[in-house]
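Participant: Next input, structure requested:
(2 chains)
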Amino acid sequence: MKKWNLVFDVALCTGCQNCVLAAKDEYVGNDFPGYSAGMPRHGHKWVDIRQRERGRFPAVDIAYLFHACQHCDDAPCIRAARNNAVTKRSDGIVIIDPDRARGQRQIVDACPYQAVHWNEALSLPQHWNFDAHLIDAGWPAPRPVQSCPTGALRALKVEDGEMRRIARAEGLEPLDHGAAHGTRVHYRNLARYTHVFVAGTVVGNEAGLEACVPRAQVRLTRGADTIAGTASDAYGDFRFDGLAPASGRYRVEVTADGYRTQALDFELADSRWLGEIRLNRQESGKVDQRCEKSLLKNI
Amino acid sequence: MLRRFSITLTGLYAVIRYCAWRYPAYRAQLARCNLIAQIRIVDEDSGRWYEIKAGRVRSRAGIHPKPDVTLSYETADVATRLLTPPIDWQEQINSAKNFRLKVDGPDELVYQFTQLMFATRGAGWRFGTEVGDGVRRYTSMTNAGPCFVYVKDGKILRVTPIDFDQDDAPPWTIEARGRRFTPPRKTTLAVHGLAWKSMVYSPDRLLYPMRRVDFDPHGERHPENRGKSGYVRVSWDEALDLVASEIRRVKTDHGPGAILYNYPSHHSWGNVGYWTSALLRFFNAVGHTRVNHNPDSWEGWYWGAAHHWGNSMRLGTAEPYGTVGDLLKEAELVVFWSSDPESTSGIYAGYEGTLRRTWLKELGIPAVHIEPYLNATAAFLGGKWLAPRPGTDTALALAIAHVWITEGLHDKRFIADRTVGFEAWKRYVTGADDGIPKTPEWQQSETGVPAREVRALAREWGSKRTYLAAGGWGNGLGGACRGPTGVQWARAMACLMAMQGLGRPGVNFGNLQWGTPIDTTFYFSGYGEGGFSGDLVATASSISLYQRMPHLPSVNTTLQVLPRTNLPEAIIEGRAEGYQRDSRSIEGQFVPIRYPAPGHSRVRLFYRYGGSNLGTMPESQRYVKMYQSPNLEVVVNQSIWFEGEAKYADIILPACTSFERWDVSEWCNSGGFALHSQMQLNHRVVVMQHKCIEPLGESKSDYRIFLELAHRLGLGMYYSEGMTELDWVQRMFEASDLPRRMSWKKFLQKGYYVVPAPRERLRAPVAYRWFNEGRKKDLPEPSPLPSEYKNRYLEGLQTPSGKFEFECTTLKRYAPDDPERPPVLQYSRSRESVESERAARFPLQLITPHPRFSFHTESDGKDSFLNDIEDHRVLVNGSYYWVLRLNPVDAAARGIRERNLVRVFNELGAVICAAHLTHCVRPGVVHGYESSARYEPLADSERPTDVGGALNLITPKKSQIARASAMGNSNCLVEVEPWAGHAAATPAHQTVETHSA
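Facilitator: Numbers count the residues shown, from 1 in each chain, chains lettered A, B, ... in the order given. As a prediction, the model looks like this:
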């Protein structure tokens, strides 16, 4: 039995908000009897794009996350609903019946992803139902997928086994506890949103002038373990990404031709820029005072 | 021949009767008529009359004693030729011009009768597609891209992008580095386009004509109360009679020069309804003082870069052809300099370029971003980010040039063969003249960017084949060119690329936004060609459209011109000076405008189209003062929504949206304004803009409003040629290459046509390749115009030397001693610099780029869906506030936390915004988009406080340089503080207030 799935690639999302607006356009002012009642003009985002900023100036980046009903196979909202108000269709789509769900606020509370919204005026729990009325009318994909300019959002109707194979091949992950709930929205490059980075800038000198140090070897270690290695780019910048937030003490060791190796110990709470790591020329033999100060300031 | 004439007239009678029997819509049209029409020839008493009364038609051969309407043809031969279908428009127009055909009778009745004749052709036309469940799918076009519009029970259900069907043409493929890149078979729609349903059904819609409650045209007019007093609903007849009589009065008493109209930079899409079309035709017929619009998103290129390389017809920006393929195949690095295509979508281009930029990632071509704000494009693509202080970019550019010169990283062959003035440039860069070498270390104190990073960038750039993406288009538009030092910056961008051998493989301007390999030879007119305006001077109509669509020409007889940058001063002070935008030549920009013109009246009547200026023009409080000036005797505003300047009018005429009228257009085709701007798209798409729903309330199409005004001035038949909008749509269709590909009936029904991509050998060549290789220009653009080639046609650039000029001859001739714009580019510190004296009081630099989610003022405010995007507006205490972005360091120093309301201010006033704390702005810089649709001043005072979000209230009006009319307001000094006011709570949406008189 083929079922619907969504795949969202964090790396391909520009944050344009088209999927958010497509859902608003579809549901505000429109009732689809048997599927959904109208969305309030403002305040509700059945489809949402969340934004996360990591790091600090000048080492900062932005990631976006598609957020909506996960169409769980084992959906807490179904169990919480009375009168069969929430059902699971054979094609994987979860539907909150706009008539039977009236007054059932516990359906909102049951959702572990805060993806069910309470419509005060109608006294109704509402969610994004995969545009089921359009799917049933033969649309090849729901509107958020249709309006996505980069293919960051894809809709796949495949057997569950096939979906598992695709997930393995593409490195897709569910949101937290997704495996337990059987979520049908799968995320690619999710670490860009959920994990943290550590970055730094390697600075040396050249003919008496401050200079970027390219191709410096940078090693990230924790205790006795080497976590990763990388090299600085043309601007002396390096970055380790995909680290668990609040994952404790790390050490960065920077080695570059003609410079003395330097090591930095730090605590990783959130994404961070270690600042300018000023290397001392091997022949100089003395520690650059400015470098010490800037490290103190930055760490 | 008389016999054929007689048969033709009898045939017309039969056709009218048949259509009335067969088609209910035609029957209804007939029922609205009450007239006797005579068709006759002049050289004999021969003809036939038609009496139309109570929905019935009666006709007899002969001459009626008292017809209401008479159509007279010179001879039976002429009449037969003109009345026999299919209509030959050339023949019709020539006959009218040569007075072989004339009409008598009241304008409106003549129009009604000609419409009964024309409508017989279209009585059976069908349009749109039935998709089941009582839903019909139409097509339309917006500033955001083409769309399907689903309608049920006369109401818009949804608006979506267009997915192509199997009959539509396949797209192009570019092969680069062993990969094949092909765009998907669909159109993209920018987010503001997905908000259209909420804008059509906005509570701010103007649904009936209104008159300001204390405006009495026969007594006290109370101009000082504009923007303060309320409105009373009036009938269309009352409103139009009033406007027409004011036009007549002002023209009689003062001459047509006393009439001023002004339009927004952008309008709802469509070749017939666009301001270049209906509005120009009407106001040319009336006569008016023209507003010369400065090139507001291209300032630095037009007033600066053009002197180095010409391209005046592209407002000084770079040639855009073929760059997508060249970049993907050849480039090793892309430098985005004040370039954020993900926010500006180019212009009109949906998100077509976005997908192509994912290919950059796929190919691993690195990007560098130079901008004080980590913009949406930088955030998406990643790469090195350099954040110079606003207005200092030129110092950074000079340091790059310095590294290239000292390390020999410039293209010496190109410089020797294709440029002049390099030695002078080199002397300035190296400091041989002024003793200041423009080194990376020198720029550091100006820009705040570490010298080492600039040196590293210069080496990367100088040793790799590099594309420079300057501005949102990649070849210009927006960004730093709109700042106080925009002229310097754009000049610097041109000079840097000339040093790198512009046009060699992989070295050009672009960011994959322009330059797709689409068909550039298929003809469909763009809005810059003026639609049916017939304006051969102020539009590009004369190039192609005028020949292809014979129609009556129109001429504004008044020579008086007014510079837009000084529009409020012109009204308030009665005089203004400026420089004109005239892109035909490089030197056109040197010609001054002086208002008033000798012997011409100052402006008395202002007819304003839309209401965007309070959000888009610098120091916008000037506009409020202008509206409240007694020098304006009457102000008319024709607008869709009650917002911005509409609230400052005496008479408000409600226009409908493009979803409520007929039109036709091609996606992203702006015609002469930016030729081949469809090269931003993956597919050229021509769209039938169906009238999807009836106009809301009593609103009418712009075409219709002007028609009804024209009737009152006796100009109805001249303005309309007896046509409806749909008739013009058909004539526009026939004037294009489309009839060879798709029938009118098919187009009308299906609603769009995808122009096939050309075979690879027919693709446009790469920009500047011809110049680099010393060949004749081979690009499919007609500019520079022939006389602009100084040596031989098609050889070399538009400059006097035909070469790239580091030392600009045109500036040397005009004002060699101008310190603001010397012949060789020099860096001079911005007056909005943190080093200036004012920075002690206003220590932060506010940057106000083009907005990311709305399109100018379109889609903002209006209770639009966009209000729910928290990166656009934030709901605080029941009101949606404009977002101001601050670095957390600056916020902490001021006690400002996330979502706090803040007052951003300087000498000019204050705007209340909601704070967003982000490391995407460098410390010392705050960021808020320009173009708020809402302007809601708190109190009436000299220095207003606006809670609507119109940041241009506090941006400076001063021209970038004295000898130009160049807006330079995209960055300025401000201070920000927490704001505790409550009176702000304007409702989340507002409705039109009416007061009974």
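Participant: Can you give me the domain boundaries for the chain?
Facilitator: By default, I'm working from chain A. A:3-193, A:196-298 (automatic domain parsing).
Participant: wait, I meant chain B there
Facilitator: As given by automatic domain parsing, the domain ranges for chain B are B:2-122, B:323-516, B:837-978.
Participant: before we move on, back to that, worst mean pLDDT among the domains of chain A?
Facilitator: Mean pLDDT per stretch puts domain A:196-298 lowest among the domains of chain A, at a mean of 89.
Participant: still on that earlier bit, of the domains of chain B, flag the one that's most buried.
Facilitator: domain B:323-516 (a mean of 24; mean count of other Cβ atoms under 10 Å in any protein chain shown). C-beta: built from backbone N, CA, C; applies to glycine.
Participant: State the mean pLDDT of it.
Facilitator: 97.
Participant: how far out from the middle of the chain is it?
Facilitator: 26 Å (Cα atoms, centre = their mean, to the nearest Å).
Participant: One more: stretch B:939-953?
Facilitator: In terms of Cα atoms, centre = their mean, the centre of stretch B:939-953 is set 26 Å apart from its chain centre.
Participant: element containing the residue minimising distance to the centre of chain B?
Facilitator: For chain B, the residue nearest the mean C-alpha position is B:His266 (3.7 Å; Cα atoms, centre = their mean). For B:His266, there is no host helix or strand (DSSP states H and E).
Participant: if I read this right, it contacts B:Glu858, doesn't it?
Facilitator: Yes: under the criterion of Cβ atoms under 8 Å, B:His266 makes contact with B:Glu858 at 6.8 Å.
Participant: joint contacts of those two?
Facilitator: B:Asn143 (Cβ atoms under 8 Å, 6 or more residues apart in numbering or on different chains).
Participant: if I look at the residue nearest to B:Trp275 when sequence neighbours are not counted, how far off is B:Gly588?
Facilitator: Nearest non-adjacent residue to B:Trp275, counting by Cβ to Cβ, 6 or more residues apart in numbering or on different chains: B:Tyr263, 4.0 Å away. Between B:Tyr263 and B:Gly588 the computed distance is 21 Å (Cβ to Cβ, to the nearest Å).
Participant: Settle it for me: which of those two has more neighbours?
Facilitator: B:Tyr263 (20 against 15; other Cβ atoms under 10 Å in any protein chain shown).
Participant: check contacts around that one.
Facilitator: Applying Cβ under 8 Å, 6+ apart, the residues contacting B:Tyr263 are B:275, B:279, B:609-610.
Participant: From B:Trp662, how far off is it?
Facilitator: Taking Cβ to Cβ as the measure, B:Tyr263 falls 20 Å from B:Trp662.
Participant: B:Trp21 too?
Facilitator: From B:Trp21 over to B:Trp662 the distance is 25 Å, taken as Cβ to Cβ.
Participant: Check whether residue 49 sits in a helix, strand or coil.
Facilitator: If you meant another chain, say so; for now it's chain A. Classification of A:Ile49 by DSSP: H, G, I helix; E, B strand; the rest coil places it in strand.
Participant: The intended chain is chain B.
Facilitator: What three-state DSSP gives for B:Trp49 is strand.
Participant: That one touches B:Val57, doesn't it?
Facilitator: No: applying Cβ under 8 Å as the test, B:Trp49 and B:Val57 come out as separate, 10.8 Å apart.
Participant: sorry, back to before: so which of the domains of chain A gets nearest chain B?
Facilitator: domain A:3-193 (3.4 Å; Cβ to the nearest Cβ).
Participant: show me the contacts for the residue most central in space within chain A.
Facilitator: For chain A, A:Tyr193 is the residue whose C-alpha lies nearest the centre (Cα atoms, centre = their mean; 3.1 Å). Listed by Cβ under 8 Å, 6+ apart, the contact set of A:Tyr193 reads A:10, A:52, A:63-65, A:187.
Participant: Now the buried members of the residues you listed.
Facilitator: The neighbour-count test (16 or more other Cβ atoms under 10 Å in any protein chain shown) marks A:10, A:63-65, A:187 as buried among those.
Participant: B:Ala980 and chain A, how far apart?
Facilitator: Noted for B:Ala980: a distance of 25 Å to chain A, by Cβ to the nearest Cβ, to the nearest Å.
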